[in-house]
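Q: Structure of the sequence below:
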Amino acid sequence: MLRVLAPLALALAIVPVTIAADPPKGFTALFNGKDLNGWHGMPHFDPYALDKEADKSKLIAKWTEDAFKHWKADGGELVNDGNGAYLTTDKEYGDIEFLIEYKTVAKADSGIYLRATPQIQIWDTTKEGGKWNLGADKGSGGLWNNSAGAPGKDPFVLADKPFGEWNSFRIIQVGERVTVYLNDKLVVDMARLENFWNKKLPLRKTSPIQLQTHGGEIRWRNVFVREIQPEEANELLRKRNASGFVDLFNGKDLAGWGGSKDGFEAKDGTLVNKPGKGGNLFTESEYDNFTARLEYKLPDGGNNGLAIRYPGKGQPSAEAMCEIQVLHNEAKKHEKIDPRQANGSIYGMVAAHRGYDRKIGEWNLMVVTVNGPKILVELNGTRITDGDVSKVTEFMGGSKHPGKDRTKGYFGFAGHGDPVAFRNIQIRPIK
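A: Presented below is the predicted three-dimensional model:
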């Protein structure tokens, strides 16, 4: 019996078998190297339409059956024959670092969908591939479905390797902001991934990752993901385009601030609205066009606001150009608010998109850009408000906003007696 099995054991020992690599520290393997466990099928399909499907599970089952005819695990590699529905993670992801390697063939065209949205492009970059007119000559890794001329649409450099060699992606996504390294070269730097499905909406907060198939064999391996936590996400966002910002708060006292100093205090490096105390705290200097950047942490039901071009007296929501709302929307006491009162809204005038806040007790990062009558609000890396107050003709409650056309004023906080905390408070004038 031993003599019979020995040759077989020897034969098995010399068969080359590729074993999927272990994930780097902090990462999870999305592909186990053996089968398609953890994945399902989904083609290029509007996720908003999928949300409305009466029998979503039946549709996904149909797509999965199709996908599994064209995708397989082969020696530690994911292989697709160029057809079928896209391989889609069962789990939805938000802020991530994503590592993946791929190898493709001539004439193939593929990509990676983040949050079920196209796409980080993979090209045949040769002239013979026939897609230089679409930008293939510029290389892979760009956010190809972004608007023409938008940051990130075209990669900074052509970093693709020749056919037959493995390419590696390192992708970092925080909110809508995407950074792409291809073969260790930076090709996209914190560019917004536009919402292909509806350009008027921000990118979805979470959705699956998809591997696209498009007309030619592609192989993938070493597919790893790491979910980025809020503190790290905020740090990454602060590093983006960081030059020119000036600190407004020293973390120790209220030097440089005027107004309701008795309503706020410096506490453990943060600026906090004292419980039960109201009033408006504002800078000693005035600003016209600027970008303000800060982090805030809300208590349950917490309410505050950012005073924009404040004259130094009166209510910022009326006498300033505007107040940018800072609010725990989901608190029961706020469940019936006007949409123009929601977090990140231009108070009473322009409603923000909701659902991009962090959990109570976590720090949010808000960036407000004021340029003429236009205001952009980005929350945790996602643009939630894009408004022009000069065009507002309908006001909450029907009362006009006398300060909305102000061109200069102080920056500050509108306290409402809730212990909302702020830190890393910075401003950068726009010249």
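Q: ok, so what distance separates the closest residue to residue 151 other than its chain neighbours from residue 173?
A: Computed as C-beta to C-beta, 6 or more residues apart in numbering, the closest residue to residue 151 that is not its neighbour in sequence is residue 191, at 4.2 Å. To be clear about C-beta, it is placed using only N, CA and C from the backbone, and glycine gets the same treatment. Separation of residue 191 from residue 173 (C-beta to C-beta, to the nearest Å): 11 Å.
Q: What of residue 50?
A: Taken as C-beta to C-beta, the span from residue 50 to residue 173 is 21 Å.
Q: okay, those two: which has more neighbours?
A: Taking other C-beta atoms under 10 Å, residue 50 and residue 173 do not tie; residue 173 has more neighbours (26 against 15).
Q: Can I take it that that one is in a strand?
A: Yes. Under DSSP: H, G, I helix; E, B strand; the rest coil, residue 173 sits within a strand.
Q: residues in contact with it?
A: Residue 173 is in contact with 95-96, 98, 114-115, 179, 193, counting by C-beta atoms under 8 Å, 6 or more residues apart in numbering.
Q: at 7 Å instead, please
A: Going by C-beta atoms under 7 Å, 6 or more residues apart in numbering, residue 173 touches 95-96, 114.
Q: go on, residue 48?
A: Neighbour list for residue 48: residue 197 [criterion: C-beta under 7 Å, 6+ apart].
Q: Please repeat the previous calculation with a cut-off of 10 Å.
A: 116, 195, 197-198, 201, 204 (C-beta atoms under 10 Å, 6 or more residues apart in numbering).
Q: How about residue 268?
A: For residue 268, the contact set (C-beta under 10 Å, 6+ apart) comprises 251, 421, 423.
Q: Over to residue 171?
A: Counting by C-beta under 10 Å, 6+ apart, residue 171 touches 96-100, 112, 114, 120, 141, 178-182, 188, 209, 225.
Q: now do residue 428
A: Counting by C-beta under 10 Å, 6+ apart, residue 428 has contacts 241-246, 287, 290-293, 367, 369.
Q: Where does confidence bottom out across those residues?
A: pLDDT is lowest at residue 241 among the contacts of residue 428; the value there is 83.
Q: who wins for most neighbours among the contacts of residue 428?
A: In terms of neighbours by other C-beta under 10 Å, the contacts of residue 428 top out with residue 293 at 23 neighbours.
Q: Do I have it right that that residue meets residue 426?
A: Yes. The pair residue 293 and residue 426 qualifies as a contact (C-beta atoms under 10 Å) at a distance of 4.9 Å.
Q: Spit out the residues that contact those two alike.
A: Counting by C-beta under 10 Å, 6+ apart, the common neighbours of residue 293 and residue 426 are 238, 242, 245, 248, 367.
Q: Return the subset of these lying in strands.
A: Residues of those located in strands (DSSP state E): residue 367.
Q: if we can go back for a sec, sitting in strands, which of the contacts of residue 171 do you find?
A: Among these, the residues falling in strands (DSSP E) are 96-100, 112, 114, 120, 178-182, 188, 225.
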